[in-house]
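Colleague: turn this into a model:
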Amino acid sequence: MANHEIDLIKDAGVVGAGGAGFPTHVKLDAKIDSLIVNAAECEPLIDVDKILLEKEFDRVAQGLKAAARLTGAKTVIIALKAKYKKAIKVIENFKGDGFSFQVYKLGNFYPAGDEQVLVQEVTGKIVPEGGIPLMVGCVVINVETLLNIAGALEGRKVVQKFVTINGEVQNPVTVKVPVGTPVKVLLDYAGFVPGQGHVVYDGGPMMGKPIDPDTYAVKKTTKSMMVLPQDNIVSIQRNRADGGQVKRAQAICLSCRMCTDLCPRYLLGHDLFPDDMMKRLYKGQLDQEDLEKFDYAYLCCDCGLCELYSCVVDLSARAIFNYVKAELAKKGIKNPHTRKDLHANPFKQFRKVPVDRLKQRLEVDQYPDTALEAFREPVNQVKLYLTQHVGAPSVPVVRKGDRVSEGDLVADIAPQKLGSKIHSSIEGKVLEVGQDYVTIGKV
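Modeller: Numbers count the residues shown, from 1 in each chain. Next comes the predicted model:
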């Protein structure tokens, strides 16, 4: 029975609905102590998980039951922010037919939804450096992923995605749309007026990536489309080249160590010291010969606090860490940091960054929470990326001109590789089979 359900989840193409998109059939094929539902909505201004708990908890619970059964979890915990009072009421009123789970109420801090931070908050266990929660007997799973598990066990494929559209738009909203929907369609629906000096991000203001709204499309991992002004602090930092970031750090770092004191990985006991790297830059010690000294860059979780919150002179340790990681990878140097005997910093509980204060720092506190709204715009064409998950790109199984129905397999998992299946999210004809994506249009 368990193998059959894992196969159904695999065949449906279920991956983590936020973050990197780890294939769920692999994540659930393990025996664990604790199954943790990540409903913390790590980034500011994203409402998907909260809304799904309020509107779809019966279905979410079906997926949660299945995940608990498949992993043999002894403890099931739904971790969400205490301020989600409506969602908490729905959960606490749920009649679970004997299905037992706990509710863990988190503070409103960033990055509460980082899975390593979440594991430590909920269980007290610390994931080893460079490791995953499974190493301490835990699996962390996203709310929308549970919804997709429930659908997979009923034979439905992952062809829809919940997305929050927020920022400089006239109608901030959360909608459910076909995977592969052009971002331009979403922005038009939300009342975005182009040509006024804005940047569009896939994700939230802390970890979102700038995208071209005229060519980009919704992925299985997309949770938000954020529109920010070009002169916003987030956009200014993203627009700085790595070389410029290095020169700025060499010139103006104050050696204050705030970037380290607020670093979530440092606070978990990891050997990560952003201030050490910035001080070495100040002394001119970052060159190709010395890069190995900075191999702790691999421990950076890319949360952005050092770049967008802690630094009083507006430097970015994150950008330099990413530069160092890329250069080390070119040299074939892998992460050597795997320490397990970790102890949380005793000041960790006092260094949680309040989300309300963070929003003010990011100049996004004027944007509202969103509500779920039925998406009524026609989606006549979708762009299905072959890489929208952890692992190898999916392999197309269709050709240009083929007709497909919603849910038909478009690309399969590469042989003997980690990956995910991709299905058509609309009925139509295959217009293009490219190196990186498959385009399908209604004709």
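Colleague: so what's the nearest residue to Leu53 once chain neighbours are set aside up against?
Modeller: Spatial nearest neighbour of Leu53, excluding adjacent residues (C-beta to C-beta, 6 or more residues apart in numbering): Ala87 at 3.9 Å. C-beta coordinates here come from the backbone N, C-alpha and C atoms, glycine included. Contact analysis of Ala87 by C-beta atoms under 8 Å, 6 or more residues apart in numbering lists 39, 50, 53-54, 57, 80.
Colleague: which of these fall in helices?
Modeller: 50, 53-54, 57 (DSSP state H).
Colleague: picking up where we left off before, from the contacts of Ala87, pick the one nearest Pro128.
Modeller: When those are compared for distance to Pro128 (C-beta to C-beta), Ala39 wins out at 24.8 Å.
Colleague: does the nearest residue in space to the closest one that is not next to it in sequence have beta-bridge partners, and which?
Modeller: Using C-beta to C-beta, 6+ apart and skipping residues adjacent in sequence, the residue nearest Ala39 is Leu80, 3.8 Å away. In this entry, Leu80 is beta-bridged to Ala39, Lys105, by DSSP bridges.
Colleague: correct me, but Leu80 touches Leu106?
Modeller: Yes. Leu80 is within contact range of Leu106, at 6.6 Å (criterion: C-beta atoms under 8 Å).
Colleague: more neighbours: which of those two?
Modeller: Higher neighbour count among Leu80 and Leu106: Leu80, with 24 against 20, using other C-beta atoms under 10 Å.
Colleague: lowest average confidence, helix or strand, in this protein?
Modeller: helix 242-252 (a mean of 79; mean pLDDT, DSSP states H and E).
Colleague: can you pull the buried residues of stretch 204-217?
Modeller: Of all the residues in stretch 204-217, those buried under the rule 16 or more other C-beta atoms under 10 Å are 204-208, 210-211, 213, 216-217.
Colleague: go on, stretch 136-154?
Modeller: Judged by neighbour count using 16+ other C-beta under 10 Å, the buried positions of stretch 136-154 are 136-153.
Colleague: over to stretch 96-105?
Modeller: Buried-residue list, stretch 96-105, by 16+ other C-beta under 10 Å: 101, 104.
Colleague: and what of stretch 3-21?
Modeller: Buried-residue list, stretch 3-21, by 16+ other C-beta under 10 Å: 5-6, 8-10, 12-19, 21.
Colleague: need these in TSV (columns: secondary structure and distance to Val246).
Modeller: Shown next, in TSV, are those (DSSP: H, G, I helix; E, B strand; the rest coil; distance: C-beta to C-beta, whole Å):
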residue	secondary structure	distance to Val246
Glu5	helix	50
Ile6	helix	46
Leu8	helix	49
Ile9	helix	44
Lys10	helix	43
Ala12	helix	45
Gly13	coil	40
Val14	coil	41
Val15	strand	35
Gly16	coil	33
Ala17	coil	35
Gly18	coil	31
Gly19	coil	28
Gly21	coil	31
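Colleague: in CSV, list these along with pLDDT.
Modeller: Output for the buried residues of stretch 3-21, formatted as CSV (pLDDT from 0 to 100):
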residue, pLDDT
Glu5, 96
Ile6, 97
Leu8, 98
Ile9, 98
Lys10, 98
Ala12, 98
Gly13, 98
Val14, 98
Val15, 98
Gly16, 96
Ala17, 95
Gly18, 82
Gly19, 82
Gly21, 94
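Colleague: just the residues you listed now: which is nearest Thr221?
Modeller: When the buried residues of stretch 3-21 are compared against Thr221 (criterion: C-beta to C-beta), the nearest one is Gly21, at 4.2 Å.
Colleague: hmm, Val15 and the closest one touching each other?
Modeller: Yes. Contact criterion C-beta under 8 Å: Gly21 and Val15 qualify, at 4.2 Å.
Colleague: residues touching the residue nearest to Ala39, list them.
Modeller: 37, 39-40, 49-50, 53, 87-88, 103-106.
Colleague: same question, Glu92
Modeller: Going by C-beta under 8 Å, 6+ apart, Glu92 touches Val103.
Colleague: ditto for Phe22
Modeller: 15-16, 389-390.
Colleague: could you report the distance from it to Leu28?
Modeller: Using C-beta to C-beta, to the nearest Å, Phe22 is found at 11 Å from Leu28.
Colleague: same question, His337
Modeller: 28 Å.
Colleague: secondary structure element for Thr221?
Modeller: Secondary-structure assignment from DSSP states H and E places Thr221 in no helical or strand segment.
Colleague: on that earlier part again, what about His337 and Leu28, which has more around it?
Modeller: Shown here are His337 and Leu28; by other C-beta under 10 Å, Leu28 has more neighbours (25 against 17).
Colleague: surely the more buried one meets Val139?
Modeller: Yes. Assessed by C-beta under 8 Å, Leu28 is found in contact with Val139 at 7.2 Å.
Colleague: common neighbours of those two, please.
Modeller: Joint contacts of Leu28 and Val139 (C-beta under 8 Å, 6+ apart) are 67, 71.
Colleague: quick one: the strands in the stretch 201-350 of the chain?
Modeller: Here the stretch 201-350 of the chain has its strands, by DSSP state E, counting those that start in this stretch, at 209-211, 224-229.
Colleague: which elements pack onto the first one?
Modeller: Read that as strand 209-211. Contacts defined by 3 or more C-beta pairs under 8 Å, 6 or more residues apart in numbering; DSSP states H and E place strand 209-211 against strand 198-202.
Colleague: and the strand it packs on, what does it pack onto?
Modeller: helix 183-189, strand 209-211, strand 224-229, helix 233-238.
Colleague: strand partners (parallel or antiparallel) of it?
Modeller: strand 209-211 (antiparallel), strand 224-229 (antiparallel).
Colleague: so what touches the first one?
Modeller: By C-beta under 8 Å, 6+ apart, the surrounding residues in contact with strand 209-211 are 183, 199-203, 235, 238.
Colleague: how far off centre is it?
Modeller: What separates the centre of strand 209-211 from the centre of its chain is 13 Å, taken as C-alpha atoms, centre = their mean, to the nearest Å.
Colleague: adjust the sequence numbering to begin at 280 for everything that follows.
Modeller: With 280 as the first residue, the last one maps to strand 488-490.
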